[in-house]
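> fold the following for me, if possible:
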Amino acid sequence: MIVMDTAFQATDLARNHREVIDGARRGGALIRDKDGFVLLLQPAGPANRRTQVMEWMTSAIRLDLALRTPAPARGPWSYGDFGWVAQLEEGDQQKFVDGLLERLLTTDSNDANSLDGVEDYLVDWRATAHAWGDEELRNALTTDLPDPSSQAAL
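Residues are numbered from 1 along each chain as shown. From the prediction side, this is the model:
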């Protein structure tokens, strides 16, 4: 729900444009047209950030719901915007979505101006999924290496 201190009339855009712009800069200005239609003028940065958070949140919730379906019954479409998550092991898939939801809620509740933390999280998990999706790389990463302390000193 959007609540602003002052609602402006469309005619205020011409007569008192500075007041309308100042209201928008402070967080938002409601502008009521003569037919009663209400518009919101607000800073683009926070609006774009909030839109991105909500898009990621919707995708993460869809993924969370999909992960409740047994793995064999999931199709590629089940993962939605996060199709690459299918390459992760089952437990890691849930860790990913839980961590993403937590970061999105924190970002949204802190009203942070930056999405860097969420973007870094997505980049890291996508790289992990890529590594798990590459069988040769996965084998190299999961092969037991000899314990260096058990080797004889040279």
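> for this protein, what spans make up the helices?
Listed in chain order, the helices of the chain (DSSP state H) span 12-15, 17-25, 44-66, 90-109, 116-133, 135-142.
> so which bits of the fourth one are buried?
By neighbour count on 16 or more other CB atoms under 10 Å, the buried set for helix 90-109 is Q93, Q94, F96, V97, L100, L101, R103, L104, T107, D108. Just so you know, the C-beta spots here come from the backbone N, C-alpha and C atoms, and that holds for glycine as well.
> can you pull up the most central residue in the protein?
W56 (3.5 Å; CA atoms, centre = their mean).
> quick one, what contacts that one?
Under the criterion of CB atoms under 8 Å, 6 or more residues apart in numbering, the neighbours of W56 are L100, L104, V118.
> tell me which of these is nearest to L40?
L40 lies nearest to L104 out of the contacts of W56, by CB to CB, at 22.9 Å.
> what about the closest residue to the closest one other than its chain neighbours, distance to W132?
Counting by CB to CB, 6 or more residues apart in numbering, L104 lies nearest to M57, which is 5.1 Å off, once chain neighbours are set aside. Here M57 is placed at a distance of 25 Å from W132 (CB to CB, to the nearest Å).
> mean pLDDT lowest for which of the helices of the chain?
Here the lowest mean pLDDT among those goes to helix 135-142, at a mean of 76.
> and the protein, split by domain according to the record?
As assigned by automatic domain parsing, the chain contains the domains 7-42, 45-142.
> which parts of the shortest one are buried?
Right, domain 7-42. F8, D12, V20, G23, A24, G28, A29, L30, I31, L41, Q42.
> can you pick out the most distant pair from those?
By the measure CB to CB, D12 and Q42 form the most distant pair in the buried residues of domain 7-42, at 15.9 Å.
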